[in-house]
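**Q** Using only what follows, build the 3D model:
(2 chains)
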2 protein chains.
Amino acid sequence: MARPVRHPTHHRVVIVGGGFGGLSCARSLDGKPVDVLLLDQRNYHLFTPLLYQVATSLLNPSDIAYPLRSIFRRSRNVRFQLARVVGLDLDRRTVRARTGEEIAYDSLVLATGSENDYFSNAELAQHTLGMKTLAEAMALRNHVLSCLELAARADSVQERREWLTFVIAGGGPTGVEYTGALAELLKLVLGRDFPELEPGMARIVLVEGQDRLLGAFHRRLGDYALRILCDWGIEVRLSTLVQKATRERVVLSDGEEIAARTIVWSAGVRPNDPLGETDLKRSRSRRLRVEERLRLREHPEVFVIGDAASVIEGGGELPMLSPPAMQAGRYVARAIMDRARGATGHRKPFRFVDKGTMATIGRHAAVADFHGVKLRGTIGWLAWLLVHIYYLIGFRNRAVVLASWGWNYLRLDRPIRLILRGGADEVAAALEPDSPAESR
Amino acid sequence: MARPVRHPTHHRVVIVGGGFGGLSCARSLDGKPVDVLLLDQRNYHLFTPLLYQVATSLLNPSDIAYPLRSIFRRSRNVRFQLARVVGLDLDRRTVRARTGEEIAYDSLVLATGSENDYFSNAELAQHTLGMKTLAEAMALRNHVLSCLELAARADSVQERREWLTFVIAGGGPTGVEYTGALAELLKLVLGRDFPELEPGMARIVLVEGQDRLLGAFHRRLGDYALRILCDWGIEVRLSTLVQKATRERVVLSDGEEIAARTIVWSAGVRPNDPLGETDLKRSRSRRLRVEERLRLREHPEVFVIGDAASVIEGGGELPMLSPPAMQAGRYVARAIMDRARGATGHRKPFRFVDKGTMATIGRHAAVADFHGVKLRGTIGWLAWLLVHIYYLIGFRNRAVVLASWGWNYLRLDRPIRLILRGGADEVAAALEPDSPAESR
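**A** Sure, this is the predicted structure:
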């Protein structure tokens, strides 16, 4: 069952990052006469658009994460290696792994994505729960479920209120989708599983810095999302920032204090690349500036795509979303084949084809924006569902995901309500493990 | 959707532990005119017979774990509370939770199960991976998958060998079932996902203290299991103990040293109850002695069942398995109703009805022992499958579990190969998280 020998070739392509950008690039190079080494610090590709469903007990981690090695199991020229890239030597053309190993490349693709940005507020970093990684989504799930248990046995009404108050910072797609899903989770689980509690006891506050939700969308869709969330009893604070967070409270920029044990951070991401404080040019958002062919100006053999790259189009930077990353990955794959062939680069500059953006707020409530064609409500939700079915194709788990979705939407259930580890400290203490392995 | 008020009643039943024993007792008391409070330190019941399949990437945690609150969602008289019981006051008839809370009872059921027993060898506790809890099973899965990644990039043949050597201590059902499943996992994943490695490189050593495997079974079935495992190239050491374990090697009682980065511990469990060093009588296995009606002799209001209780029948202690625990749970439920009614206890002593034992070694290879009727091979495997289907009933997940089983047995796949956290230290280091939440 061992894989046949790879063609002998001398053009070594190293792709750093197995997200949407890196994966689509590696897939486009699969079977081509180049040697491709895909590096990632995790052994799986993560379907991030559904991360919030893992965080709200609707999906299993394995439903949205797919082992990278399996994807290229039958490939003759694409290899995967688990490695965390911590540095580059642009002149010697090598990447350095955390283990010290140096890996040489002829063409390099940086698709290292982004990470939570707390605007160097250590307090926020410490006391908020992120939603960028699978581990974060699981920690958030554990934390929220543990809060319900702790609310159920709280001594005072005040303490119970704190456990049942959830503040979400950031009203972009991630924040809105999580807020909607959390509201549904609480509606379904409180009262039904927790006779000690009633759905009315829970309080959800969504805090957004702009004067509207879903800034990337047409205002009408943002307004629609706002209306839906308010109908569901969610408090939305616009033009407001989360300024301060401790374990028991959050302070907003307008001075309001909210006693809450859960603060979810979806208010900012920053590019995450191994270039650190080099003299390479960065945009205001700290993304690496690339020329119109997605290369570092000084190093045409280094391509940067996805969240890590600052690509200017139509006066603005391309958003940190999967579609631009995937299109860039495919474009770069073609550019690399030109290089491998020694073709002189007359390839046209990269152009992003916007197929539209969408976000789901809850059952039968989603917004989709296709070039002025704006969908919402059930139609928007169905559109959202179709697109996600389409993009899940290639995932072994799509069947499972869809079945489980359908099943639970129908049964109004959230099956995966397991607290596998504690979230916040008190929770961790309350759930203190009884075996060393448990803390692993 | 809040639950109707419970009948007023004065008999308060506290059940400590939501395993097979405690759960069957709570289920039997559901709807009866008593107040039942079920306590567990986790919020789910775990279907432990399939834990080894989570540890070998075949099943998701949520396939074999079920939230206890959902089980009693519609109950009028059974409540669940997440609590870790750390002490009892037998005279004042209260249990003490880790949080300090004291809970009073009229009848108490101790169904606190068992935990890994390292025979007070701190080294073994530190350097081996257990398989008693869901967290341990996941940690083991993460560890084994990480070992493959680290073997794939090892510099020396020696180091690669160490990463690919797996020692399992204990040839009881857990050890044998895990060994078989691990052999299949490696056969399927090496070579196919790891072109750098070949299945032949992996080495599995099963170490058993007795002169045979599956001591609880008829010798012929133990011999069959031995033959199968040997056919699969697994090294089995009988009449041998694991004496010493460090991070890189294990030393056996016959002096043999094996360089291995993975040592799985299934060689001993000990009862786990909150009574500590009281003057209550314990058996040699440290289980609490109970009289023939499963009560503490001095405290007829305290029942002990399952792994925590030493029940003598036919000259021996009942084994630490789910069937005796479940039968005892149902028996105790009836005895408690007698007490609640004030009936004077003429109930017959507890008798365990042995329906037989079974263990699966791998696809089409299992052993079952029904009162002298000994099944093995495919027939034994089908019997095993049927029984587990039967016992999974009541689990929302049984459909998913079976579908996923069937699917992956057919496709010879192990879908859930995600490394969600590191196992061993080196692994943890190699996979060092890049977000604070990741370490939660």
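**Q** show me where the stretch 51-200 of chain A has helices.
**A** In the stretch 51-200 of chain A, the helices defined using DSSP state H, counting those that start in this stretch lie at A:51-55, A:61-64, A:68-71, A:122-127, A:134-152, A:157-163, A:173-189.
**Q** Distance from the last one to the middle of the chain?
**A** Here the centre of mass of C-alpha atoms in helix A:173-189, compared against the chain's by Cα atoms, centre = their mean, to the nearest Å, lies 16 Å away.
**Q** Between helix A:134-152 and that helix, find me the angle.
**A** Orientation of helix A:173-189 against helix A:134-152 (axes from the mean of the first three to the mean of the last three Cα atoms, to 10 degrees) gives an angle of 40 degrees.
**Q** residues from the stretch 151-300 of chain A in reach of chain B?
**A** Contact residues (Cβ under 8 Å from any Cβ of the partner chain) of the stretch 151-300 of chain A with chain B: A:152-153, A:191-195, A:198-199, A:272. In short, each C-beta sits where N, CA and C put it, glycine included.
**Q** Point out where the stretch 201-350 of chain A drops to low pLDDT.
**A** Across the stretch 201-350 of chain A, the ranges flagged by pLDDT under 70 are A:345.
**Q** change it to 90
**A** A:215-221, A:247, A:268, A:275-280, A:313-316, A:321-322, A:342-347 (pLDDT under 90).
**Q** can you pull out the strands in it?
**A** Here the stretch 201-350 of chain A has its strands, by DSSP state E, counting those that start in this stretch, at A:203-207, A:235-237, A:242-245, A:249-252, A:257-259, A:262-265, A:269-271, A:288-289, A:295-296, A:299-304, A:309-310, A:312-313, A:316-317.
**Q** Same list (these) but as a markdown table, adding mean neighbour count.
**A** Putting those into a markdown table (neighbours: other Cβ atoms under 10 Å in any protein chain shown) gives the following:
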| stretch | mean neighbour count |
| --- | --- |
| strand A:203-207 | 24 |
| strand A:235-237 | 18 |
| strand A:242-245 | 20 |
| strand A:249-252 | 18 |
| strand A:257-259 | 16 |
| strand A:262-265 | 26 |
| strand A:269-271 | 20 |
| strand A:288-289 | 18 |
| strand A:295-296 | 21 |
| strand A:299-304 | 21 |
| strand A:309-310 | 24 |
| strand A:312-313 | 14 |
| strand A:316-317 | 12 |
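**Q** now for the residues of the stretch 151-300 of chain A next to chain B, which pair is the farthest apart?
**A** Within these, A:Pro195 and A:Asn272 form the most distant pair, 44.4 Å apart (Cβ to Cβ).
**Q** Looking at the two, which one has more neighbours?
**A** A:Pro195 (22 against 18; other Cβ atoms under 10 Å in any protein chain shown).
**Q** what about the more buried one, distance to A:Thr246?
**A** 31 Å (Cβ to Cβ, to the nearest Å).
**Q** still on that earlier bit, can you add distance to A:Thr133 and give the strands of the stretch 201-350 of chain A back as a markdown table?
**A** Listed next are these as a markdown table, based on distance: least, Cβ to Cβ, whole Å:
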| stretch | distance to A:Thr133 |
| --- | --- |
| strand A:203-207 | 22 |
| strand A:235-237 | 26 |
| strand A:242-245 | 20 |
| strand A:249-252 | 22 |
| strand A:257-259 | 26 |
| strand A:262-265 | 12 |
| strand A:269-271 | 12 |
| strand A:288-289 | 21 |
| strand A:295-296 | 27 |
| strand A:299-304 | 21 |
| strand A:309-310 | 20 |
| strand A:312-313 | 28 |
| strand A:316-317 | 23 |
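**Q** Out of the ones you listed, which gets nearest to B:Tyr52?
**A** strand A:262-265 (34.9 Å).
**Q** CA atoms only: put stretch A:313-326 into PDB for me.
**A** In PDB, the C-alpha atoms belonging to stretch A:313-326 read as follows (Å, rounded to 0.1, in the frame of the first residue of the first chain):
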ATOM      1  CA  GLU A 313      -8.000  45.500  -5.100                       C
ATOM      2  CA  GLY A 314     -10.500  48.200  -5.900                       C
ATOM      3  CA  GLY A 315      -8.800  50.600  -3.500                       C
ATOM      4  CA  GLY A 316      -9.200  48.200  -0.500                       C
ATOM      5  CA  GLU A 317      -7.500  45.100   0.900                       C
ATOM      6  CA  LEU A 318      -9.100  41.800   0.100                       C
ATOM      7  CA  PRO A 319     -11.000  40.600   3.200                       C
ATOM      8  CA  MET A 320      -9.600  37.800   5.500                       C
ATOM      9  CA  LEU A 321     -12.000  35.200   4.100                       C
ATOM     10  CA  SER A 322     -11.600  31.800   2.500                       C
ATOM     11  CA  PRO A 323     -12.700  32.700  -1.000                       C
ATOM     12  CA  PRO A 324      -9.800  35.100  -1.700                       C
ATOM     13  CA  ALA A 325      -7.400  32.600  -0.100                       C
ATOM     14  CA  MET A 326      -8.500  29.700  -2.200                       C
END
